[in-house]
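Enquirer: Here is my input, please return the structure:
(one chain, ligands or ions: 1)
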Amino acid sequence: MASAARTASRAFLRSTPATSSFRPAARSTRFAIPANGLRASPRRGYASEAGPEKSGSSFGIWALGLGALGGGAYFYLNGDSASSLNKPFVPTQADYQKVYDAVAARLSDETDYDDGSYGPVLVRLAWHASGTYDKETGTGGSNGATMRFAPESDHGANAGLKTARDFLDPIKAQFPWITYSDLWTLAGACAIQELGGPTIPWRPGREDRDVAACTPDGRLPDAAKDQRHIRDIFSRMGFDDREMVALIGAHALGRCHTDRSGFDGPWNFSPTVFTNEFFRLLAEENWIQKKWNGPKQFTDKSTGTLMMLPTDMALMKDKGFKKHVERYAKDSDVFFKEFSDVFVKLLELGVPFKTEDRFVFKTSE
Ligand code: HEM
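Expert: Coordinates of the predicted model:
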């Protein structure tokens, strides 16, 4: 069970600040909130829960009206249990919450993997799907889910992500109306929330694209490099120093695998709980180069069981980055807030949304 994994993992925490369990008060609301962060009235915006299934013969007019309004309606003509044959299916916030719940349930059921959760690899899938964005050309980003296809699936940086894609296949089969690109990003938001992180307001609207939209290799960061490389890669996506550091704080979750990246080990003692431990350890531990027959990485002097990548260490070498590492190490609430904002931005890069409203999913108990 994910909650059991969480409990076990929390026991590993050495000195997580009390504030690390911070959750914004809005996390349990099911209301849509607009992109500017202000709360909107319930059921406003993207799609009404009173869907067209109920409108019978007026469907044609209804659908035309929706199209004219650019309402982002989806038409799913076969197979969903909720919609009878040949009637359109327009997903509502409640439908996306069902997808969220199914991902959360699967996370909670499938604990016989890595440190007890597929959550970290789902976060990495959402990030690698989105982090190919190039603001100059408008190419890449989460719109398209082109990592389903070679050559993108075979890019070195994406090694191991088939595990995450396969994990989501039964969810896609259960909710065939959702696009892969919406599903992968929704699952990333779900994993952050379910692993104790901040709420990640999310909105639908991504469309799957074909193999022709695959991005060229080399758009994702190379962990062996330095701060210049981090700035090159992340400013191509449109992020500033503060946002770059906040995003890399996702290394609170998961671990490196020798058969994927070549690197080895977790960044902290609670790899299935979202915390600011990555920053605290980066700022406070004594990190030494690991002696091994593998790529250059660093290990903590105290226990020799944790790891940092060269790019993680670069965050402490660079003045512009270091001040944010120290801010986040000191204040978990600030990290949670700024991570949420920038993760939302990452998942939305280059997506031609038709709605301003975002959903805040209810986290499982
Ligand atoms: C300089 C930027 C970054 C570099 C060089 C980098 C590199 C890596 C590497 C080498 C791994 C290990 C992969 C494996 O062996 O399984 C990894 C894992 C991971 N990364 Fe990053 N990463 C970066 C930024 C990010 C960002 C921005 C996020 C999310 C917002 C992220 C989330 C993760 C997660 C959650 C894992 C753990 C996956 C697992 O446990 O399977 N990373 N990263």
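Enquirer: From now on I want contacts and neighbour counts done on CA atoms only, so please keep to that.
Expert: Noted.
Enquirer: so who does the closest residue to residue 290 other than its chain neighbours touch?
Expert: Spatial nearest neighbour of residue 290, chain neighbours left out: residue 298 (5.0 Å); criterion: CA to CA, 6 or more residues apart in numbering. Counting by CA atoms under 8 Å, 6 or more residues apart in numbering, residue 298 makes contact with 287-290, 307-310.
Enquirer: how far away is the residue lying closest to residue 136 once chain neighbours are set aside from the ligand?
Expert: Closest residue to residue 136 in three dimensions, ignoring its sequence neighbours and counting by CA to CA, 6+ apart: residue 236, at 7.6 Å. In this structure, residue 236 and the ligand are 13 Å apart, going by CA to the nearest ligand atom, to the nearest Å.
Enquirer: Now for residue 236, how many residues are close by?
Expert: Burial measure for residue 236: 16 neighbouring residues, criterion other CA atoms under 10 Å.
Enquirer: Could you give the average pLDDT over the helix or strand that contains residue 339?
Expert: Under the criterion DSSP states H and E, the helix or strand holding residue 339 is helix 332-348. Taken as a whole, helix 332-348 has an average pLDDT of 98.
Enquirer: again with stretch 285-297
Expert: 98.
Enquirer: that older thread, check which residues of the host helix or strand of the residue nearest to residue 136 are buried.
Expert: In this assignment (DSSP H and E), residue 236 forms part of helix 227-237. Across helix 227-237, burial judged by 16 or more other CA atoms under 10 Å covers 227, 229-231, 233-237.
Enquirer: Which residues of this structure lie near the ligand?
Expert: 120-121, 123-124, 127, 221-223, 230, 247-248, 250-251, 253-258, 260-261, 263, 311 (CA under 6 Å from any ligand atom).
Enquirer: hang on, isn't residue 104 packed against residue 365?
Expert: No - contact criterion CA atoms under 8 Å: residue 104 and residue 365 do not qualify, at 10.0 Å.
Enquirer: of these two, who's got more company?
Expert: Relative neighbour count places residue 104 above the other of residue 104 and residue 365, with 21 against 5, counting by other CA under 10 Å.
Enquirer: Show the contacting residues for that one.
Expert: Here residue 104 is in contact with 190-191, 194, 364 (criterion: CA under 8 Å, 6+ apart).
Enquirer: Go through those residues and say which is closest to the ligand.
Expert: Using CA to the nearest ligand atom, residue 191 is the member of the contacts of residue 104 that sits closest to the ligand, with 9.5 Å.
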